[in-house]
Each structure stands twice: as structure tokens, then as C-alpha cells.
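K.L.:
Make a model of this:
(one chain, ligands or ions: 1)
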Amino acid sequence: MTKYIFVTGGVTSSLGKGIIAASLAKLLQSRGYKVTIQKFDPYINIDPGTLNPYEHGECYVTEDGAETDLDLGHYERFLNVATSQANNITTGRIYQNVINKEREGAYLGKTVQVIPHITDEIKRNIRLLGESNEYDIVITELGGTVGDIESLPYIEAVRQFRWEVGNNNSLVIHLTLIPFLAAAGELKTKPTQHSVKMLLEYGIQPDILVCRTEHQLSMDIRRKIAQFCNVHINAVIESIDASTIYDVPLMMLKEQLDKTVLTKLKLSHKSEPDLENWKNFLGHLKNPTSEVKIGLVGKYVELPDAYKSINEAFIHAGAKNECKVKVVCIHSEAINSENVKEKLQGLDGILVAPGFGSRGIDGKITAITHARENNVPFFGICLGMQCAVIEIARNVLGLEGANSTEMDENSPAPVISMMEEQKTVINKGGTMRLGSYPCELKKGSKAAAAYGKTSIKERHRHRYEFNNDYLKAFEQAGVTASGVNPESGLVEIIELKNHPYFLATQFHPELKSTVANPHPLFVNFVAASLANARKK
Ligand code: GLN
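P.N.:
Below you'll find the model as predicted:
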């Protein structure tokens with residue numbers, strides 16, 4: 001039977017439930033268990049696809065084209081296992097399903113209510129992954145903080161679910177904060193006691209408390225937490241601030257979180273965890289032999305979570321190259337042709353980020369001109385590729401007014417234009433070109449060299465495309481369309497022949513970079529930037 005673990009959060013948000021869930025999953029996986037993680041978000045949007053990155057950070061896209069919470073990115077990066085739509089459910093989706101069923105007549109004669117209909121729908125979604133028989137353990141992370149009005153149906157669903165499957169088949173981990181009061185010179189347990197009391201009011205006794213803290217928990221503090229929150233002392237787990245999220249699995253191993261979990265679920269913990277590769281990765285990450293400075297040009301740079309997967313992909317690629325990648329964020333709106341030299345000075349490579357709308361476009365294009373003319377390694381992603389196409393059209397092909405129809409519907413040279421099937425789309429949610437599509441690489445290209453093969457699959461999230469009416473003109477100007485969709489002929493990668501490294505992709509490679517498999521395009525871009533740094 002599949003075992004279920006629930007992760008709730010108390011006291012404050014932003015304690016890192018996603019990292020704790022992913023770290024526990026990593027440890028269980030390293031002991032040979034098949035594990036997956038799902039995230040329930042208590043907001044009313046059907047998915048985060050329509051949210052501005054300032055609201056909720058990056059929108060992560062799965063193989064099957066679901067627009068999801070960025071925590072799913074952590075799950076994939078840690079576990080190296082793909083997630084899907086079933087791994088991210090929101091209140092909006094739960095209600096939509098219930099309301100659709102009501103219209104179909106599934107509840108004929110009945111009053112449709114939060115209890116039992118909404119809680120039943122939540123429980124059905126908790127079970128979905130377990131019933132696939134693919135996993136020994138399903139970890140369900142509940143977004144939000146215990147006590148939030150909008151979390152209540154989820155907590156109640158967990159209470160009912162535990163009653164149904166029994167305590168040996170499920171457990172609740174409560175992630176909480178133990179604040180340090182500098183004036184008193186003490187760690188304080190009261191907020192945690194209150195948070196657990198609130199859970200108890202809802203009928204849930206947590207089995208394990210993971211305590212976020214800036215200072216080590218003494219035995220006395222652990223005992224106090226255990227006694228007043230009604231858990232075994234071994235179930236009080238210290239989670240002290242880490243220098244990198246990739247340390248957390250080993251910290252949880254030291255605290256024996258995995259052993260405590262397996263014991264409570266009556267599962268064997270005899271086999272030792274195999275974390276050889278993980279430790280090797282950490283070794284490289286922490287002992288770099290060189291450093292590169294890469295500029296990340298985007299319009300959401302004030303919020304690091306907006307480019308989460310790109311930043312993590314650089315960490316993986318840096319470790320692979322045994323070098324530290326220092327990502328320098330540069331606001332695209334702050335770049336213009338007068339200051340570009342000074343703004344991009346000292347960078348060994350330049351990445352132009354994905355995005356939507358015209359804000360900051362001119363700065364992105366100016367940064368690309370600088371990279372192209374000065375032989376600085378360049379990597380463009382999605383809108384970053386579209387900007388590279390516009391830049392080359394204007395400045396190499398001499399096409400005045402060249403643009404994407406996203407920015408200028410009446411451009412005389414629409415080198416990026418809306419896909420035919422997008423033109424009739426009215427709804428904004430879930431209607432972009434989303435998820436995994438095949439791509440064939442040109443033999444001898446930089447892309448094929450990076451991947452070491454010519455058939456790949458990558459994930460997409462966009463409405464606009466390279467306009468193939470201009471392909472010939474681009475090829476004559478030294479651009480190679482080195483990746484093309486074999487079915488539609490859409491251009492997915494461009495590169496420049498006479499440049500040390502100038503490559504841009506219509507897809508999002510950052511979404512597929514994991515600790516076990518750093519993305520080859522990031523690895524090679526970092527290597528090219530390193531070569532550039534050495535030349536200097
Ligand atoms: N706005 C562009 C499009 O929709 C690029 C999207 C992106 O960068 N993800 O095609």
C-alpha cells in the first residue's frame with residue numbers, strides 16, 4: 001500500500017516547505033523507495049500561469065504542459081523524476097471540478113457544500129498519484145500557513161484521509177519556526193506551541209516537527225518542544241539555516257528525519273542511503289577552481305524567485321564545470337546604447353531571460369548587440385531568443401522596424417509572429433504552446449555538440465515563434481537554425497556561425513536541469529564563458 005506524508009507549515013510563510021519536502025523525498029529515494037511530491041495551493045487561480053512573477057515567482061512548466069508552482073521545480077531538481085499536472089492542485093481547480101460535476105448532475109438532489117464535496121475532491125486528488133501504483137510514498141505539501149482561512153478545507157481533508165488510511169500509512173510533518181530573540185538571547189518555542197495547538201483544534205496531531213532556526217536547538221529546547229507539542233523527542237528535527245538548499249538533504253539525514261519517518265510508517269530503513277552522486281555534486285559546488293561572471297538580463301530581476309530555474313541551472317552547470325557562477329542581475333530597463341558598455345562591463349557571458357510584453361525589450365536588444373559585436377558568449381531563452389532574432393534582423397539584415405508582433409502588430413518586418421493556432425485563442429489561462437515538444441538538431445552545430453545527440457525534447461511556454469518567411473535571409477547572414485521541430489518546422493534554436501558562442505532557444509532548457517543531469521546547454525554556455533574569462 002502507498003504511504004502518505006503531509007507537510008504543513010506554521011507560524012510564518014516562506015519557511016521552505018518545498019525544500020524540506022524535496023529533501024525528505026531525496027533521502028527516501030536514496031534508500032530505494034519510489035517517491036513523488038505534490039503541492040496543494042490554496043489560491044483560487046486554476047493555476048499560476050496567469051500570475052505575474054512578482055506575485056508568485058516563476059511559473060514552472062511540466063512535461064505534460066501544466067503551468068505550476070515553482071516548488072515542482074525543486075522536486076524535479078532534487079529527485080530527477082518528472083512531475084505532471086497531477087502534482088499541483090489549487091483551490092480553483094478543486095472548485096472547478098466540483099462545480100463541473102454539479103452541472104453534470106453528479107450530485108443531483110443534494111446541496112453541494114465544502115464538507116463533504118470539496119474535502120472529498122481534495123482527498124480524491126491526494127489519492128490520484130498513490131493509485132497509479134508507481135510510488136511507494138506520496139508526499140503532499142500544503143501551501144499556506146496553518147490558521148489561514150483558505151487552508152481549512154485542506155487540513156480537514158487531511159484529518160479525514162488519515163482516519164481512513166490509518167496512522168501507520170500516513171503521517172504529518174509540521175514545519176515551524178523557532179525564533180531567536182536577540183534581546184533575551186534565547187530561542188522561543190511559544191509560536192510553535194500555538195501553531196501545533198491550532199492544528200490540534202482542527203483534529204490533527206503532527207507526528208514530526210521540523211524546526212527552522214538560526215541557532216542550534218539544545219537538548220533542553222528539544223525536550224520542551226517535544227513535551228508541549230506532544231511528540232517524541234526524536235521527532236523534533238532541527239533545520240538550521242543552510243548556505244545552499246542542496247545541503248538540506250544531508251542535514252535532514254544527520255537529524256535522522258528519514259529514519260523517523262520510515263519507523264512511523266512501518267517501513268524498513270535497513271538499506272543505507274546511496275547519496276554518492278549528491279555528495280560529489282556538493283563537493284564540486286563547494287570547491288570551485290575558478291569563477292565566471294554571467295549577466296542575467298531581465299525585467300523581474302528584483303525578485304530572485306522570478307528566475308528560480310535559471311539560477312538553479314547555473315548552480316548545476318557551475319558544479320559540472322567546477323567553477324563558481326556568479327550571476328549578476330541587470331535590469332533590462334536600465335540598459336541603453338549609451339551605458340551598455342559600462343552596464344555589461346566585466347561579464348564573461350550574457351543571458352537574456354524569458355518574459356512577456358514590451359517593457360525592457362530595448363535594453364535586452366541592446367545587450368544582445370553588445371554580446372554579438374564583442375564576442376561575449378550569449379544565451380537567449382524564449383523571449384531572449386526572440387530578441388536575438390529581432391536584433392540580428394535590424395542590425396545585420398538591415399530590416400528597419402523588425403519586431404515581434406507581440407510588441408508591434410504593424411511591424412514592416414514581423415520576424416517573430418504569433419503562431420497560426422494562437423490567433424483564434426481568446427482565453428489567457430493554459431492556452432500557450434505548453435510542455436514538451438520534440439526537436440531535431442543539425443549535425444555539427446553547437447547545440448548537437450552540447451547534447452551529444454540530434455533528437456531531443458524540451459519544454460515550451462510561449463505564443464510567438466520565429467517567422468519562417470525570413471529563414472533564408474537569416475541563414476544567408478550566418479545564422480543557423482540548429483534546432484527545428486520535426487513536425488511543424490518551427491525554429492527552436494538559433495546560433496551564429498562567426499561567434500565563439502551565440503545560441504538561443506525558443507524552449508526553456510532551465511526547466512530540465514537537475515542535480516543528476518545538469519542541462520547541457522547551460523553546461524556549455526558556462527564553459528564558453530569560462531573560456532572567455534581565461535582569454536581576458
Ligand atoms: N512573450 C513571448 C511569447 O509568448 C516569450 C514567452 C517567454 O519568454 N516565455 O512568445
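K.L.:
Okay, strands next: where are they in the stretch 101-250 of the chain?
P.N.:
Applying DSSP state E, counting those that start in this stretch to the stretch 101-250 of the chain gives strands spanning 137-142, 170-177, 180-181, 186-187, 208-213, 236-240.
K.L.:
so what does the third one touch, helix or strand wise?
P.N.:
Contacts of strand 180-181 with other secondary structure elements, assessed using 3 or more CB pairs under 8 Å, 6 or more residues apart in numbering; DSSP states H and E, are made with strand 186-187. (Glycine included, C-beta is placed from N, CA and C.)
K.L.:
Output the contacting helices and strands for the strand it packs on.
P.N.:
Packed next to strand 186-187, using 3+ CB pairs under 8 Å, 6+ apart, are strand 180-181.
K.L.:
hmm, back to that, just so I know, which of the strands of the stretch 101-250 of the chain lies nearest G429?
P.N.:
Judged by CB to CB, the one of the strands of the stretch 101-250 of the chain that comes nearest to G429 is strand 137-142, at 22.8 Å.
K.L.:
contacting residues around that closest one?
P.N.:
Outside strand 137-142, the residues within contact range by CB atoms under 8 Å, 6 or more residues apart in numbering are 2-9, 17-18, 21, 24-25, 28, 33-40, 42, 71, 126, 129-130, 151, 154-155, 158, 265, 267.
K.L.:
Just the buried ones from the residues you listed?
P.N.:
Neighbour counting by 16 or more other CB atoms under 10 Å classes 2-9, 17-18, 21, 24-25, 28, 33, 35-40, 42, 71, 126, 129-130, 151, 154-155, 158, 265, 267 among the contacts of strand 137-142 as buried.
K.L.:
Now the one residue sitting closest to the centre of the chain. Nearest residue, chain neighbours left out?
P.N.:
Geometric centre of the chain, nearest residue: G73, 2.8 Å, by CA atoms, centre = their mean. Using CB to CB, 6 or more residues apart in numbering and skipping residues adjacent in sequence, the residue nearest G73 is Y60, 4.4 Å away.
K.L.:
who touches the one you found in this structure?
P.N.:
Residues near Y60 by CB under 8 Å, 6+ apart: E67, T68, D69, L70, D71, L72, G73, K308, S309, L511.
K.L.:
between those, which is nearest T431?
P.N.:
Closest to T431 out of those is E67 (10.2 Å), distances taken as CB to CB.
K.L.:
What's opposite the closest one in the beta bridge?
P.N.:
When assigned by DSSP bridges, E67 has beta-bridge partners V61.
K.L.:
what's the distance between the residue nearest to M252 when sequence neighbours are not counted and F78?
P.N.:
If the residues on either side of it in the chain are set aside, M252 comes closest to S23, at 4.9 Å by CB to CB, 6+ apart. With distances taken as CB to CB, to the nearest Å, S23 is found 7 Å from F78.
K.L.:
likewise E134?
P.N.:
Distance of E134 to F78, given as CB to CB: 18 Å.
K.L.:
which one of the two has more residues nearby?
P.N.:
Counting neighbours by other CB atoms under 10 Å for E134 and for F78 shows that F78 has the greater number, 27 against 12.
K.L.:
if we can go back for a sec, looking at the contacts of strand 137-142, which are in strands?
P.N.:
Residues of these located in strands (DSSP state E): 3-9, 35-40.
K.L.:
And the furthest pair within those?
P.N.:
Largest separation among the ones in strands among the contacts of strand 137-142 by CB to CB: K3 and G9, giving 20.9 Å.
K.L.:
all helices for the stretch 51-200 of the chain, in order.
P.N.:
For the stretch 51-200 of the chain, applying DSSP state H, counting those that start in this stretch gives helices covering 53-56, 71-79, 91-104, 119-131, 152-165, 190-201.
K.L.:
average model confidence for the helix ranked longest in the chain?
P.N.:
As assigned by DSSP state H, the longest helix anywhere in the chain is helix 520-535. Mean pLDDT, helix 520-535: 96.
K.L.:
before we move on, what about stretch 487-501?
P.N.:
Averaging pLDDT along stretch 487-501 yields 96.
K.L.:
For the stretch 251-400 of the chain, what lies in contact range of the ligand?
P.N.:
By CB under 6 Å from any ligand atom, the residues of the stretch 251-400 of the chain that approach the ligand are P354, G355, F356, C382, L383, Q386.
K.L.:
out of those residues, which is most surrounded?
P.N.:
Counting neighbours by other CB under 10 Å, Q386 comes out on top of those with 29 neighbours.
K.L.:
contacting residues for that residue?
P.N.:
So Q386 contacts G380, S404, E406, I416, Y464, F466, Q506 (CB under 8 Å, 6+ apart).
K.L.:
tell me the SS of it?
P.N.:
Classification of Q386 by DSSP: H, G, I helix; E, B strand; the rest coil places it in helix.
K.L.:
ok, back up a step: any chance of the strands of the stretch 101-250 of the chain in JSON lines, with distance to the ligand and mean neighbour count too?
P.N.:
Formatted as JSON lines, the strands of the stretch 101-250 of the chain follow (distance: least, CB to the nearest ligand atom, whole Å; neighbours: other CB atoms under 10 Å):
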{"stretch": "strand 137-142", "distance to the ligand": "26", "mean neighbour count": "26"}
{"stretch": "strand 170-177", "distance to the ligand": "32", "mean neighbour count": "24"}
{"stretch": "strand 180-181", "distance to the ligand": "41", "mean neighbour count": "11"}
{"stretch": "strand 186-187", "distance to the ligand": "43", "mean neighbour count": "16"}
{"stretch": "strand 208-213", "distance to the ligand": "33", "mean neighbour count": "23"}
{"stretch": "strand 236-240", "distance to the ligand": "34", "mean neighbour count": "22"}
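K.L.:
could I get these as CSV with mean pLDDT?
P.N.:
Below are the strands of the stretch 101-250 of the chain laid out as CSV (pLDDT from 0 to 100):
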stretch, mean pLDDT
strand 137-142, 96
strand 170-177, 98
strand 180-181, 95
strand 186-187, 95
strand 208-213, 98
strand 236-240, 97
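K.L.:
so can I have a markdown table of these showing distance to T369?
P.N.:
Shown next, in a markdown table, are the strands of the stretch 101-250 of the chain (distance: least, CB to CB, whole Å):
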| stretch | distance to T369 |
| --- | --- |
| strand 137-142 | 44 |
| strand 170-177 | 47 |
| strand 180-181 | 50 |
| strand 186-187 | 54 |
| strand 208-213 | 46 |
| strand 236-240 | 46 |
